[in-house]
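Asker: My questions concern the predicted model and sequence given below.
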Amino acid sequence: MVSSGSGEQGDYVVIDVRRKDHAGGHVRGSVQCPAQTFYDDLPSFYKRFGEKKQVIFYCGSSNGRGPRCARWSAAFVMKGGIKEWKEKFGRDDALMDRDAE
């Protein structure tokens, strides 16, 4: 699980590749890196997260954006994306963040 602090702590990082749908809720501590600009930003991504042992990506359902970004960076994809995360952990404030709309 992601700690209640930054998703950049420890040996792993959780990356949310959604853009406009990020505000609907996200994994607590995850870092937002929108898929639309991810490929162009790969050099800065590697500079920031290159030392992590595990990089875990997710999007809405982890069927498109998350797997695509993971392929570009040889990382992991969170099964079921944010939809499944919200179903399982949506009421747990220790695991879920919500942006003000």
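Answerer: It's in. Remember, predicted model here, so these are calculated numbers, not experimental data. Residues are numbered from 1 along each chain as shown.

Asker: Return the list of helices and strands in contact with the worst-scoring helix or strand of the chain on mean pLDDT.
Answerer: The least trusted helix or strand in the chain, going by mean pLDDT, DSSP states H and E, turns out to be strand 76-77, with a mean of 76. Applying 3 or more CB pairs under 8 Å, 6 or more residues apart in numbering; DSSP states H and E, we find strand 76-77 packed against strand 54-58, helix 65-73. C-beta: built from backbone N, CA, C; applies to glycine.

Asker: can you do 6 Å?
Answerer: helix 65-73 (3 or more CB pairs under 6 Å, 6 or more residues apart in numbering; DSSP states H and E).

Asker: pLDDT on the helix it packs on, on average?
Answerer: Mean pLDDT, helix 65-73: 85.

Asker: quick one: contacts of the least confident helix or strand of the chain?
Answerer: Defining contact as CB atoms under 6 Å, 6 or more residues apart in numbering, one finds that strand 76-77 is touched by 56-57, 62, 66-67, 70.

Asker: Now do Q32, the pLDDT please.
Answerer: So Q32 comes in at 89 (pLDDT).

Asker: and it, what are its phi and psi?
Answerer: phi -90, psi 120 (degrees, to the nearest 10).

Asker: so what's it bridging to?
Answerer: Taking DSSP bridges as the rule, Q32 bridges to D16.

Asker: now it: how far from I15?
Answerer: Going from Q32 to I15 by CB to CB, to the nearest Å gives 8 Å.

Asker: more crowded one of these two?
Answerer: Comparing Q32 with I15 by other CB atoms under 10 Å, the one with more neighbours is I15, at 27 against 13.

Asker: Alright, that wraps it up for me.
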